[in-house]
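> dropping a prediction and its sequence here:
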2 protein chains.
Amino acid sequence: MSMKHAVLGLLDLSPLTGYDLKKAFDESVNHFWSGDQAQIYRTLTALVDTGLAEVEVVPQDGRPSRRVHRITAAGREELERWLRAEPDPAPARNDFLARVFFAPALDDDGVRELLGRRRAAVMGAWQTLTALEQAEGPGRSRAERLRLATLRNGLAHARAELDWLDELDREFA
Amino acid sequence: MSMKHAVLGLLDLSPLTGYDLKKAFDESVNHFWSGDQAQIYRTLTALVDTGLAEVEVVPQDGRPSRRVHRITAAGREELERWLRAEPDPAPARNDFLARVFFAPALDDDGVRELLGRRRAAVMGAWQTLTALEQAEGPGRSRAERLRLATLRNGLAHARAELDWLDELDREFA
DNA sequence: GACCGATATAAGACCATGCATATATAGGAC
DNA sequence: GTCCTATATATGCATGGTCTTATATCGGTC
């Protein structure tokens, strides 16, 4: 349920429209969060309704007015409350591991196929993250270093997954 | 949406009641899947409605009849279809990484607190998985080895997360 | 000239998930 | 005697999330 907080966090960095937020979700935080356009707009409405954000309407010609959302003092408080709160118990749902668990219902080729596809997907993710990390360069400020750390986290897990796949391949070679 | 497939997978191992399934979710597959009781019963109803499973009602006295669900041939086909299908694109939602990304809004103590709590949670998960692995012993059959592999996957990721936390601690010491 | 993608917002419909509550009885703890 | 836990299923309600469609214009490609 922290879609609300993800949006608040981004608004805390700078005022944004729903459209901007969608791009931010797809580009800068995509490695740990995703968001549907409809949901982003609804979340913004909810934030404004509860006083955690406010809107400024900037008319344009030829296209809909930009509705620029700005975090309020109450919003900043809520963001900090969330950051200090107990972590949400992770729902623990891993579609791929479910398939491995039930893979005994497949023949050997099927298992190899499953593992091969996983390897390709993880390598793709690894490359994306590496590219992002390169593009960022070394982090100087505390904020930059924390954000880079989220990329390194993704890379660490990708490597762990690839190592695990290597081991499995050896076992099922 | 593979709640359906998780249930089918378990039914493929043996016929089960909703109650049995809830226990199975909480015990044997909890490290990669979880399920609410209400949702399990609804999923079973849907599986029967679509011919992927069938029910046998076993009356008992003093408590509700056991409704034992058995996978059908169509169910087995659907299970295999899913196992061979393209992986679902993972939604990529990591509440903890979101907090790290937005943690610059916290003071140093807040960041340390966040990381400390994460470490505790991951160590807890690691211990749970280790205990499960010990309890299982070495896997002999192909099926046992694949199931053990899902535990090792969890352990590998837990270790990766702990290593990453160590590195971050050094950076923010 | 036709089509596509970017900019920008909004609403409807549906599915999945989770929380709470209801019912009914047996057996063990205190 | 009372309370809690285990057994077993079922429903209602609210929320969260995704998909689809609608509207409107500008600029570039083919």
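Structure received.

> could you give the mean pLDDT of whichever strand or helix holds A:Glu54?
If you go by DSSP states H and E, A:Glu54 is part of strand A:53-58. Averaging pLDDT along strand A:53-58 gives 93.

> buried set for it?
Neighbour counts using 16 or more other C-beta atoms under 10 Å in any protein chain shown place A:Ala53, A:Glu54, A:Val55 of strand A:53-58 among the buried residues. (Each C-beta comes from the backbone N, C-alpha and C, glycine too.)

> show me what contacts the second one?
A:Glu54 sits next to A:Val48, A:His69, A:Arg70, A:Thr72 when contact means C-beta atoms under 8 Å, 6 or more residues apart in numbering or on different chains.

> quickly note the distance from the residue nearest in space to the middle of chain A to A:Ile71.
With distances taken as C-alpha atoms, centre = their mean, A:Trp33 lies nearest the centre of chain A, 1.8 Å away. Applying C-beta to C-beta, to the nearest Å, the value for A:Trp33 to A:Ile71 is 17 Å.

> next one: A:Arg140
25 Å.

> one more: A:Asp108?
55 Å.

> compare the two (neighbour count), which wins?
More neighbours surround A:Ile71 than the other of A:Asp108 and A:Ile71, with 24 against 9 (other C-beta atoms under 10 Å in any protein chain shown).

> ok so, going back, would you check that the residue nearest to the centre of chain A makes contact with B:Asn94?
Yes - using C-beta atoms under 8 Å, A:Trp33 is in contact with B:Asn94, at 7.2 Å.

> mind listing what's buried in stretch A:78-96?
A:Glu78, A:Leu79, A:Glu80, A:Trp82, A:Leu83, A:Arg93, A:Asn94, A:Asp95, A:Phe96.

> the fifth one contacts B:Leu114, doesn't it?
Yes - counting by C-beta under 8 Å, A:Leu83 touches B:Leu114, with 6.9 Å between them.

> mutual contacts of the two, please.
Going by C-beta under 8 Å, 6+ apart, residues that sit against A:Leu83 and also against B:Leu114 are B:Arg99, B:Ala103, B:Leu106.

> sorry, back to before: got the CA coordinates for the strand holding A:Glu54 in CSV?
C-alpha atoms of strand A:53-58 as CSV (Å, rounded to 0.1, in the frame of the first residue of the first chain):
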residue,chain,number,x,y,z
ALA,A,53,-0.2,17.4,-1.6
GLU,A,54,-1.6,20.4,-3.3
VAL,A,55,-2.3,21.2,-7.0
GLU,A,56,-1.4,24.2,-9.1
VAL,A,57,-3.2,24.2,-12.5
VAL,A,58,-1.1,25.5,-15.3
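
> close to DNA strand C, is it?
No - counting by C-beta under 7 Å from any atom of the strand, DNA strand C has no neighbours in strand A:53-58; the shortest distance is 8.2 Å.

> tell me which helix or strand comes right after that strand.
Taking DSSP H and E, what comes next after strand A:53-58 is strand A:66-71.

> let me know the closest of the contacts of A:Glu54 to DNA strand C.
Closest approach between the contacts of A:Glu54 and DNA strand C, by C-beta to the nearest atom of the strand: A:His69, at 7.9 Å.

> the closest one and A:Ala46 touch, don't they?
No - A:His69 is beyond contact range of A:Ala46, at 11.4 Å (criterion: C-beta under 8 Å).

> who's more crowded, those two?
When neighbours are counted by other C-beta under 10 Å, A:His69 comes out ahead of the other of A:His69 and A:Ala46, with 26 against 14.

> who does that one form a beta bridge with?
Applying DSSP bridges to A:His69 gives these bridge partners: A:Leu16, A:Val55.

> quick one: contacts for it?
A:His69 is in contact with A:Leu11, A:Pro15, A:Leu16, A:Thr17, A:Gly18, A:Leu44, A:Leu47, A:Val48, A:Ala53, A:Glu54, A:Val55, counting by C-beta under 8 Å, 6+ apart.

> tell me which two in those residues are the farthest apart.
A:Gly18 and A:Glu54 (14.2 Å; C-beta to C-beta).

> show me the domain layout of chain A.
A:3-84, A:95-171 (automatic domain parsing).

> chain center to the longest one, what's the gap?
What separates the centre of domain A:3-84 from the centre of its chain is 15 Å, taken as C-alpha atoms, centre = their mean, to the nearest Å.

> is DNA strand D contacted by it?
Yes - using C-beta under 7 Å from any atom of the strand, domain A:3-84 reaches DNA strand D at A:Met3, A:Ser34, A:Gly35, A:Asp36, A:Gln37, A:Ala38, A:Gln39, A:Arg42, A:Asp61, A:Gly62, A:Arg63, A:Pro64.
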